[in-house]
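Q: Model the following, please.
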Amino acid sequence: MKLSVGRSIERFDSVDKVTGKALFPGDINFHDQVFMRTLFSPSPHAIIKQVEFTDALKMAGVIAVLTAEDVPLNEYGLITNDQPVLCGPNLSKAYSDRTRFIGDQIALIIAEDEYIAKKAAQMIHIEYQALGILTEPNEALAKNAAIIHPDRESNILFARKIDFGCIDNAFDEADIIIESVYHTPAQEHVFLQPEAGIAYYDEQDRITVVTGGQWAHGDQRQIAHALQMPEEKIRVIYAAIGGAFGGKEDISVQIGLALAVMRLNEMGIRRPVKTIWSRKESIYGHPKRHPFTIYAKWGAKANGKITAASMDMVADAGAYASSTEAVLSVATSLAVGPYYIPNVDIYARAVYTNNIPSGAFRAFGSPQVTFAAEMQINKLAHALGIDPVEFRMRNLIKEGDLTSVGTPLPKGISIENVLRTCAIKAGWKKTEKGWRLNTISKGTEPIGGSIIKGIGIAAGYKSFGIPPDECWAAVEIFGEEKIEKVIVRNAGADLGQGAHSVYKQFASSALGVSDEIIEMIASDTSTSENSGSASASRITFMTGNAIIGAAKIAQKKWRTGERSALGEFLYKAPKILSGHGKIIKEHPNFGYGYVAQAVEVEINQETGASRVVRVISVNDVGRAINPLQVKGQIEGAVIQALGYAKMENFRQEKGEPITNNLATYLVPTIMDIPTKLESVIIEEPDPNGPMGARGMGEMPFVPFAPAFTSAVHDAVGVWFDQIPLLPEKILYRKKPE
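A: Next up is the predicted model:
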């Protein structure tokens with residue numbers, strides 16, 4: 001039988017999703033259910049003195065109003081428990097009476113239907129004391145700035161410092177130094193399915209929350225913590241999930257739903273509780289991509305060898321920690337890109353503000369620093385008169401080279417092959433004098449009226465996994481003389497990327513059976529142990545290894561006569577290498593994916609409008625488990641990155657988003673996608689990957705912005721250091737002196 005891995009098999013859930021049979025959280029209804037509405041903060045920064053809801057409770061159909069006093073332990077958080085479940089007076093958590101951003105939750109209204117809950121919310125009066133609003137990290141860093149979290153010494157949430165080599169002498173040795181300040185924006189995830197869920201007591205008397213998220217056991221842990229209940233009394237089930245991209249890693253409705261059914265039960269009311277957020281509530285309520293300001297100073301010799309790189313980075317963390325610590329750690333370790341630079345100085349800080357919290361978003365800290373690093377590379381190459389591909393080739397990191405954290409990357413570095421392939425497909429050719437672009441008219445030559453054309457290239461890499469990382473899976477084989485059915489259990493979330501179909505492919509290939517006899521039981525904390533988060537491009541690598549391990553155990557039992565034969569396996573990721581030296585703060589990850597992209601643009605000189613006409617994205621995925629799904633991931637990431645680089649302009653004023661719907665926050669449509677998008681898959685197996693696979697879902701996002709911006713420079717002759725690159729910025733560009 002032909003192995004399932006490596007084939008573009010049809011996703012087993014595709015028909016149900018296309019026909020509408022699949023149930024997303026907002027589609028699920030139970031008999032006798034009630035509806036919950038969330039009342040958000042009246043101010044981005046305030047002390048809640050009192051929440052008066054007597055009039056709301058008098059309304060016919062209103063069952064209960066829950067406030068901070070109803071929360072057993074008023075705190076939660078993905079990494080740090082710094083966020084109140086409900087803001088207001090509560091003795092269980094100091095300073096939980098403070099709101100710190102406009103999406104803080106104040107009260108939960110439970111009513112017979114959505115209309116009554118909405119009307120009741122309008123009758124709740126909040127007495128509050130407004131506090132000063134800090135929306136700029138530099139303001140929050142000022143010596144006399146108010147402390148947003150009074151239990152901390154400053155507004156610095158997290159800081160990283162990396163010193164490698166001797167930075168001072170290295171700049172003295174440079175023949176050219178480029179200094180720039182880069183700005184990258186917040187970005188909204190715009191997943192199609194807003195936050196929703198339904199909660200109830202199941203037959204085993206567990207509070208059960210059916211929702212959509214990225215880590216069922218992570219949700220379970222945070223719900224149990226806030227409600228002060230044993231985790232086994234909380235059950236989390238994920239229904240079909242309509243996208244996430246990192247935006248559903250954080251708690252949204254989960255704790256509120258669980259709290260509501262718990263308090264109703266104490267009132268003698270056992271009814272399911274349902275909620276659905278509107279698009280505006282979703283935009284208010286979940287974290288965004290971190291905005292970064294990056295001061296970069298890089299030096300190079302005339303021969304094109306980089307001698308030094310200094311990066312000073314400030315990230316806007318927003319009101320709460322979310323996953324900022326992990327994002328900043330990734331950003332600092334990837335800050336100088338896939339290059340060997342002997343002298344590096346990096347200082348990064350994440351700062352609390354009263355903006356919407358910043359959190360996980362596809363590529364997780366890498367796009368921001370890659371934009372700065374690749375722009376520095378292109379500027380140095382341009383200033384030295386060296387082709388940008390040739391310049392990169394002279395500086396690419398190789399097996400055994402030390403990274404800026406003092407240790408080498410794991411074996412399997414494929415960036416040179418990836419860049420070479422991208423360059424050749426984009427029109428570059430290696431000559432006796434090095435790499436040269438030879439097939440496209442460059443620069444400001446009009447190609448038709450006011451239209452001019454340019455091309456840019458960039459490379460990047462991204463770690464996958466969250467060390468120390470582990471993942472559980474179980475495989476059970478049924479049948480007598482031959483295998484008739486296989487059940488795979490794993491809690492990993494399928495966010496729409498087809499992960500559960502890939503799980504079936506791993507089990508099919510590991511056991512040598514058809515994928516048609518494999519059944520998935522997934523994303524339910526009552527049927528699986530912890531499988532970790534569907535994030536950090538880890539799910540294929542980690543779950544694939546776990547399923548293969550479980551399949552081997554089950555198969556061994558089957559061969560000795562066990563019927564049924566159950567194999568359980570906890571896969572533990574490879575140990576990361578240790579750093580050396582007292583100033584080393586972090587270490588390389590256990591796996592990396594490598595990518596390079598070339599982008600061709602057309603610019604209308606009369607309007608400043610840009611059009612991406614061609615993208616070549618070359619990606620080393622180790623092993624394409626399902627090539628069609630891999631291609632879909634590449635195309636989706638590129639288009640999402642196009643929005644980030646070109647048009648998505650998320651704006652907050654005094655802590656409140658003014659781009660709070662899809663009429664004001666514009667994302668790419670079919671009219672904006674590239675005329676030609678070439679997804680090139682390279683398969684250099686990861687030594688530790690399941691059947692060679694690397695994590696890859698985030699990587700195609702990483703280099704697009706600098707490739708696009710460099711293409712615009714190629715066309716108009718101006719470097720742009722801030723994205724999104726809106727038409728007016730191009731139209732009113734400052735000409736080089």
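Q: so how far is Val621 from the residue located most distally from the centre of the chain?
A: What lies farthest from the middle of the chain is Glu481; by Cα atoms, centre = their mean that is 46.0 Å. Look at Glu481 and Val621: by Cβ to Cβ, to the nearest Å, they are 38 Å apart. Glycine gets a C-beta too; all of them are placed from N, C-alpha and C.
Q: ok, now Ile521?
A: 27 Å.
Q: Angles on the backbone of Cys39, please.
A: Quick fix: residue 39 reads Leu, not Cys. Main-chain dihedrals, Leu39, degrees, to the nearest 10: phi -100, psi 120.
Q: So it is in contact with Ile106, correct?
A: Yes. With contact defined as Cβ atoms under 8 Å, Leu39 reaches Ile106; the gap is 4.9 Å.
Q: Overlap in contacts, the two.
A: Contact criterion Cβ atoms under 8 Å, 6 or more residues apart in numbering; residues shared by Leu39 and Ile106: Ile126.
Q: So the closest residue to Gly103 other than its chain neighbours: helix, strand or coil?
A: Sequence neighbours aside, Tyr284 is the residue nearest to Gly103 in space, at 4.1 Å (criterion: Cβ to Cβ, 6 or more residues apart in numbering). With DSSP: H, G, I helix; E, B strand; the rest coil as the basis, Tyr284 sits in helix.
Q: Neighbours of Tyr284, how many?
A: 21 (other Cβ atoms under 10 Å).
Q: And the pLDDT at it?
A: As predicted, Tyr284 sits at a pLDDT of 98.
Q: Can you verify Leu208 is assigned to a strand?
A: You called it Leu, but residue 208 is Thr. Yes. Using three-state DSSP, the assignment for Thr208 is a strand.
Q: Compute the distance between it and Gln722, please.
A: The spacing between Thr208 and Gln722, counted by Cβ to Cβ, is 47 Å.
Q: Over to Glu606?
A: 22 Å.
Q: In terms of neighbours, single out the busier of the two.
A: Neighbours per residue (other Cβ under 10 Å) separate Glu606 from Gln722, with Gln722 holding more: 15 against 10.
Q: Look up the residues forming beta bridges with the more buried one.
A: On the basis of DSSP bridges, Gln722 takes part in beta bridges with His183.
Q: quick one, what contacts it?
A: Listed by Cβ under 8 Å, 6+ apart, the contact set of Gln722 reads 182-184, 729.
Q: any idea how far it is from Thr184?
A: Taking Cβ to Cβ, one finds Gln722 at 8 Å from Thr184.
Q: Confirm that Val615 sits in a helix.
A: No. Under three-state DSSP, Val615 falls outside any helix and is assigned strand.
Q: That one and Val630: what is the separation?
A: Where Val630 is concerned, Val615 sits at a distance of 16 Å (Cβ to Cβ).
Q: And Ser180, by the same measure?
A: From Ser180 over to Val630 the distance is 34 Å, taken as Cβ to Cβ.
Q: Could you report the pLDDT at Gly246?
A: 97.
Q: Thought Phe364 was touching it, still the case?
A: Yes. Gly246 lies in contact with Phe364 (Cβ under 8 Å); the separation is 6.9 Å.
Q: What's the first helix or strand after the helix or strand bottoming out on mean pLDDT in the chain?
A: Sorting the helices and strands of the chain by mean pLDDT, DSSP states H and E puts strand 446-448 at the bottom, at a mean of 58. Of the helices and strands lying after strand 446-448 in sequence (DSSP states H and E), the nearest is strand 451-463.
Q: Could I get the buried residue list for the next helix or strand after that next one?
A: Following strand 451-463 in sequence order, the next helix or strand is strand 470-478 (DSSP H and E). For strand 470-478, burial by neighbour count (16 or more other Cβ atoms under 10 Å) applies to 470-478.
Q: quick check, Val389 in a helix?
A: Yes. Under three-state DSSP, Val389 falls within a helix.
Q: Now it: closest residue in space that isn't a chain neighbour?
A: Using Cβ to Cβ, 6+ apart, the closest residue to Val389 is Trp435 (4.1 Å).
Q: Next: Lys557.
A: Closest to Lys557 by Cβ to Cβ, 6+ apart is Ala565, at 3.9 Å.
Q: And that neighbour, how close does it get to Val5?
A: Here the criterion is Cβ to Cβ. By it, Ala565 lies 22 Å from Val5.
Q: do Lys485 as well
A: 20 Å.
Q: Which one's more surrounded, the two?
A: Ranked by neighbour count (other Cβ under 10 Å), Lys485 and Val5 place Val5 first, with 22 against 13.
Q: hang on, isn't that one packed against Gly622?
A: No. Between Val5 and Gly622 there is no contact under Cβ under 8 Å: 11.7 Å.
Q: List phi and psi for the residue nearest to Asp515 when sequence neighbours are not counted.
A: Residue nearest to Asp515 in three dimensions, not counting chain neighbours: Ser508, with 4.0 Å by Cβ to Cβ, 6+ apart. Per-residue torsions, Ser508: phi -60, psi -50 (degrees, to the nearest 10).
Q: Tell me who's in contact with Ser508.
A: 3-5, 514-515, 518.
Q: Need these in TSV (columns: pLDDT).
A: Below are the contacts of Ser508 laid out as TSV (pLDDT from 0 to 100):
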residue	pLDDT
Leu3	81
Ser4	92
Val5	95
Ser514	95
Asp515	94
Ile518	97
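Q: Highest neighbour count among the residues you listed?
A: Ser4 (25 neighbours).
Q: any idea how far that one is from Ser501?
A: Distance check for Ser4 against Ser501: by Cβ to Cβ, it reads 10 Å.
Q: Could you do Ile207 as well?
A: 31 Å.
Q: Compare neighbour counts for these two and give me the winner.
A: Ile207 (24 against 21).
Q: Good, we can wrap up now.
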